[in-house]
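>>> what would the 3D arrangement of this be:
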Amino acid sequence: MLGRAVNRDEAIARLTERRTPWDMIVIGGGATGLGIALDAATRGYDTLLLERDDFAQATSSRSTKLLHGGVRYLRQGNLKLVMGALRERTRVLANAPHLSSEQPFIIPTYKRGESLYYGFGLGVYERLAGRASLGRSQRLSAAETRRELPTLRAEHLRGGVLYHDGQFDDARLAVCLAASAWDHGATLINYCQVTGLLRAGGPGTPVSGVMARDRETGAEHEIPARVVVNATGVFCDSIRRMADPGAAAWVAPSQGAHIVLDRRFLPGRNALMVPKTDDGRVLFIIPWQERLLVGTTDVPVEDAAAEPRAQPAEIDFLLEHAGRYLQDAPRREDVLSVFAGLRPLVRAGSGRSTSALARDHLLREESGLVSITGGKWTTYREMAEQATDVAARVAQLPGRPCCTANLALHGAMADSELPPLRAYGSDAGAVQALAQARAEWGAPLHPRLPYIGAEVEWAARHDMARSVQDVLARRTRALLLDARASIEAAPTVAALLAGALGRDVAWQTHEVAAYTEFALGYLTPEAVAADGQQAPEART
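From the prediction side, this is the model:
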């Protein structure tokens, strides 16, 4: 069913016209915050979500695009985490089939006994999934492994183990959650920054709302609420310290980098899993949207940067490990895009290693502020359910059960008749109708990108896109598929977006320059130098 367009002007009007406190204000428009907004709205609570930047602009658009229980957590003995994630994996696949799918993986084995070892572990993984299993794991001979992974290095190959997990489009799922929450009555505003917390009874009394600034107009708002939920991920501690400046840190940020390659390096449907890298991590080489995604690294960082950049050592690490398994070892000049994200890992002791920290989440109420951090995309819905339960108790809202476990998300459909527009699900026909309305809407944005002008128009009209970056990085995935092509497409996108939003030529010029500077950080330094441009300063 085609829902109402997610419209920022309407959202601002709802905010300014409201004269009573909101039942719940959610700070943060990533996976967890959007999940909470949807959960709360479907329970009938008046819900407002505020996001400082764009929806899923930080961690939630920079994942490895996997829906999984976490095979490596079996080694840590964290069966509860694995079983919960496997259960939630099935729910995402069922509730958003237009944005998720089953993905086969193969672990190649090179030593005696490895096939038995990994086969046993993946057998346990499969049994823990129970009815949620996506398919039986199986041991493969060396010949079968080479057939399934034709570009795999064959030296000393003994065999492999095949298993099944899930895959999705993280940023598009975030946009889908925003639309779903809007469909159920939630109000969501991007580019609206929380600058402080309200306390109706003065210092020391419980949090009773927020102060926020509209980053587009500069307008300031004091917004009362019965409860405030802090779902800001790696930035969780900064919001907590608005309530208590001395609050101890919860988050140990960890940076994960990925590189994107052409599919020629690993054609076919199967993904390759490297079970143990030099630093003891799992590494994936995954087919995704007609590209290959290679990741991820795990580097502890001191501070949570708004725009983390992959470090040269991380790029080298990924290329080196990919080269150990692929016949044609990728080089820096083969990298189409490189991106980094920060994981909000919950602190555990004083050790510097973050790879050993599990992706459990932490949920607590402090002085009326409900904060949740940690976790991962696969378990976003369960985290949202728990946070909404706690927030409703804090606010003394009417007790109502969660109804998102089997809730079809906006646009959900098993198969689209328009495969290139599958991400839009049941809205695909409306996007195609736009494409036929004007020549520029039916034209490709760039020869190397699978997107058309109608998707820019749709992003502005229906998905609250406000900038060229919103369109190329998150409403489409152009930035990740080919960063250089996305830069070349920026002027076209700016012109289309200006028409949809009523912006002038000066705005277009500024947007193209801002996007170009931003997107250069997704190219390797060598690629930037080859273009004769200066790379942005690397940040962690």
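
>>> got the contact list for the nearest residue to residue 476 once chain neighbours are set aside?
Once its chain neighbours are removed from consideration, residue 476 has its nearest residue in residue 451; the separation is 4.7 Å (C-beta to C-beta, 6 or more residues apart in numbering). No exception for glycine: its C-beta is placed from N, CA and C like everyone else's. Residues touching residue 451, when contacts are defined by C-beta atoms under 8 Å, 6 or more residues apart in numbering, comprise 444, 445, 476, 478.

>>> which one of those sits closest to residue 51?
Minimum separation from residue 51 among those (C-beta to C-beta) is found for residue 476, which lies at 19.1 Å.

>>> surely that closest one touches residue 455?
Yes. Applying C-beta atoms under 8 Å, one finds residue 476 in contact with residue 455, separated by 5.9 Å.

>>> which residues of this structure score low on pLDDT?
Under the criterion pLDDT under 70, the flagged ranges of the chain are 1-3, 72, 74-77, 348-359, 415-419, 531-540.

>>> for it, what's the longest strand?
The strand that spans the most residues within the chain, counting by DSSP state E, is strand 251-262.

>>> that older thread, mutual contacts of residue 476 and residue 455, please.
Common neighbours of residue 476 and residue 455 (C-beta under 8 Å, 6+ apart) are residue 445.

>>> just to revisit the earlier point, among the contacts of residue 451, name the ones in helices.
residue 478 (DSSP state H).

>>> can you redo the contacts of residue 451 as JSON lines with neighbour count?
Shown next, in JSON lines, are the contacts of residue 451 (neighbours: other C-beta atoms under 10 Å):
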{"residue": "444", "neighbour count": "13"}
{"residue": "445", "neighbour count": "24"}
{"residue": "476", "neighbour count": "26"}
{"residue": "478", "neighbour count": "27"}
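
>>> quick check: strands, which of the contacts of residue 451 are part of them?
Using DSSP E, the subset of these located in strands is empty.

>>> what segments of the stretch 251-400 of the chain are helices?
Under the criterion DSSP state H, counting those that start in this stretch, helices of the stretch 251-400 of the chain are mapped to 312-325, 380-395.

>>> looking at those, which is nearest to residue 527?
Each of these was checked against residue 527 via C-beta to C-beta, and the shortest separation belongs to helix 312-325, namely 10.9 Å.

>>> please identify the buried residues of the longest strand of the chain?
251, 252, 253, 254, 255, 256, 257, 258, 259, 260, 261 (16 or more other C-beta atoms under 10 Å).

>>> cool, and stretch 153-170?
Buried residues in stretch 153-170, counted by 16+ other C-beta under 10 Å: 153, 157-170.

>>> from those, pick the one nearest residue 28.
Within the buried residues of stretch 153-170, proximity to residue 28 (C-beta to C-beta) peaks at residue 170, which comes in at 15.2 Å.

>>> contacts only, for that closest one.
Per C-beta under 8 Å, 6+ apart, neighbours of residue 170: 31, 56, 60, 61, 62, 63, 65, 377.

>>> which of these sits closest to residue 7?
residue 56 (18.4 Å).

>>> chain center to stretch 93-111: distance?
If you compare the mean C-alpha spot of stretch 93-111 with that of the full chain, they lie 17 Å apart, counting by C-alpha atoms, centre = their mean, to the nearest Å.

>>> number of nearby residues for the closest residue in space to residue 523 that isn't next to it in sequence?
Using C-beta to C-beta, 6+ apart and skipping the chain neighbours, the partner closest in space to residue 523 is residue 483 (5.1 Å). Other residues near residue 483 number 27, with proximity taken as other C-beta atoms under 10 Å.

>>> residue 309 versus residue 483, what's the distance?
Residue 483 is 13 Å from residue 309, where distance means C-beta to C-beta, to the nearest Å.

>>> residues contacting the nearest residue to residue 234 once chain neighbours are set aside?
Nearest non-adjacent residue to residue 234, counting by C-beta to C-beta, 6+ apart: residue 304, 4.0 Å away. For residue 304, the contact set (C-beta under 8 Å, 6+ apart) comprises 234, 235, 251, 253, 342.

>>> in the lengthiest helix in the chain, which residues are buried?
What stands out as the longest helix in the chain, according to DSSP H, is helix 483-501. Residues of helix 483-501 classed as buried: 483-499 (neighbour count, 16+ other C-beta under 10 Å).

>>> again with stretch 385-401
When neighbours are counted by 16+ other C-beta under 10 Å, the buried residues of stretch 385-401 are found to be 385, 386, 387, 388, 389, 390, 391, 392, 394, 395, 397.

>>> phi first, then psi, for the closest residue to residue 428 other than its chain neighbours.
If you skip the residues right next to it in sequence, residue 428 has residue 421 as its closest partner in space, 4.0 Å away by C-beta to C-beta, 6+ apart. Per-residue torsions, residue 421: phi -110, psi 20 (degrees, to the nearest 10).

>>> is it true that residue 421 touches residue 433?
No. The pair residue 421 / residue 433 is not scored as a contact, 11.0 Å apart, by C-beta under 8 Å.

>>> who has more neighbours, the two?
residue 421 (23 against 11).

>>> what's near enough to touch that one?
Residue 421 sits next to 428, 431, 432 when contact means C-beta under 8 Å, 6+ apart.

>>> can you get me a residue count around residue 347?
17.

>>> distance of it relative to residue 254?
The value you get for residue 347 to residue 254, if C-beta to C-beta is used, is 11 Å.

>>> quick revisit: can you redo the contacts of residue 451 as a markdown table with distance to residue 179?
Rendered in a markdown table, the data for these read as follows (distance: C-beta to C-beta, whole Å):
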| residue | distance to residue 179 |
| --- | --- |
| 444 | 25 |
| 445 | 22 |
| 476 | 16 |
| 478 | 20 |
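
>>> just the closest of the contacts of residue 451 to residue 284, please.
Distance ranking of the contacts of residue 451 against residue 284, using C-beta to C-beta, places residue 478 first at 21.9 Å.

>>> that closest one contacts residue 444, doesn't it?
No. Counting by C-beta under 8 Å, residue 444 is not a contact partner of residue 478; they are 11.1 Å apart.

>>> thinking again about what came up before, a markdown table please, covering the buried residues of strand 251-262 and showing distance to residue 81.
Compiled in a markdown table, the buried residues of strand 251-262 are given as follows (distance: C-beta to C-beta, whole Å):
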| residue | distance to residue 81 |
| --- | --- |
| 251 | 18 |
| 252 | 17 |
| 253 | 20 |
| 254 | 16 |
| 255 | 22 |
| 256 | 18 |
| 257 | 24 |
| 258 | 23 |
| 259 | 28 |
| 260 | 28 |
| 261 | 30 |
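
>>> now for those, which pair is the farthest apart?
The span of those, defined through C-beta to C-beta, is set by 251 and 261 at 31.2 Å.

>>> would residue 85 count as being in a helix?
Yes. The assignment for residue 85, made by DSSP: H, G, I helix; E, B strand; the rest coil, places it in a helix.

>>> name the nearest residue to it, sequence neighbours excluded.
Nearest in space to residue 85, with sequence neighbours left out and distances taken as C-beta to C-beta, 6+ apart, is residue 69 at 4.3 Å.
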